[in-house]
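S.K.: Next input, structure requested:
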Amino acid sequence: MFTLTCIALLIVMSLALIRAFKGPTLYDRILAVNTFGTKTVLLIAVIDFLKGRPDFLDIAIVYALINFISVIAILRFFEYAGKEAVEEEG
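M.R.: Modelled structure (predicted):
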């Protein structure tokens, strides 16, 4: 059962990567990268459960925090970069 979960997570992660590379807009790409990060945390948790070693759950939590902070930082960067481009044109 957990093996099927790992396979399903890998399929979803590959679909998220495809969306990240082919996304029509910047926000679609950022959302796909965020989805990929979330699924990576889930995959780490499932693999930890399979191996019976909960040591890596701390790593998964840190990875989730880094994923969240990086997505917020990227969105802020592009928000302010878009405002500067509009001010330069006007």
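
S.K.: low-confidence ranges in the protein?
M.R.: Within the chain, the segments meeting pLDDT under 70 span 83-90.

S.K.: okay, now residue 32: neighbour count?
M.R.: Using other CB atoms under 10 Å, residue 32 has 19 neighbouring residues. To be clear about C-beta, it is placed using only N, CA and C from the backbone, and glycine gets the same treatment.

S.K.: so what's it up against?
M.R.: By CB atoms under 8 Å, 6 or more residues apart in numbering, the contact set of residue 32 is 16-17, 19-20, 23.

S.K.: Tell me the most packed of these, by neighbour count.
M.R.: Within the contacts of residue 32, most neighbours by other CB under 10 Å means residue 16, with 20 neighbours.

S.K.: didn't that residue look like it was pressed against residue 40?
M.R.: No - Residue 16 lies out of contact with residue 40 (CB atoms under 8 Å); the separation is 9.6 Å.

S.K.: Flag every buried residue along stretch 7-21.
M.R.: 9, 12-13, 16, 19-20 (16 or more other CB atoms under 10 Å).

S.K.: do you know how far the residue lying closest to residue 78 once chain neighbours are set aside is from residue 79?
M.R.: Spatial nearest neighbour of residue 78, chain neighbours left out: residue 26 (6.3 Å); criterion: CB to CB, 6 or more residues apart in numbering. To residue 79, residue 26 is 11 Å away according to CB to CB, to the nearest Å.

S.K.: So for the two, which residue has more residues nearby?
M.R.: The neighbour comparison of residue 26 against residue 79 (other CB under 10 Å) goes to residue 26, with 12 against 9.

S.K.: Pop out the phi and psi values for the more buried one.
M.R.: Main-chain dihedrals, residue 26, degrees, to the nearest 10: phi -60, psi -40.
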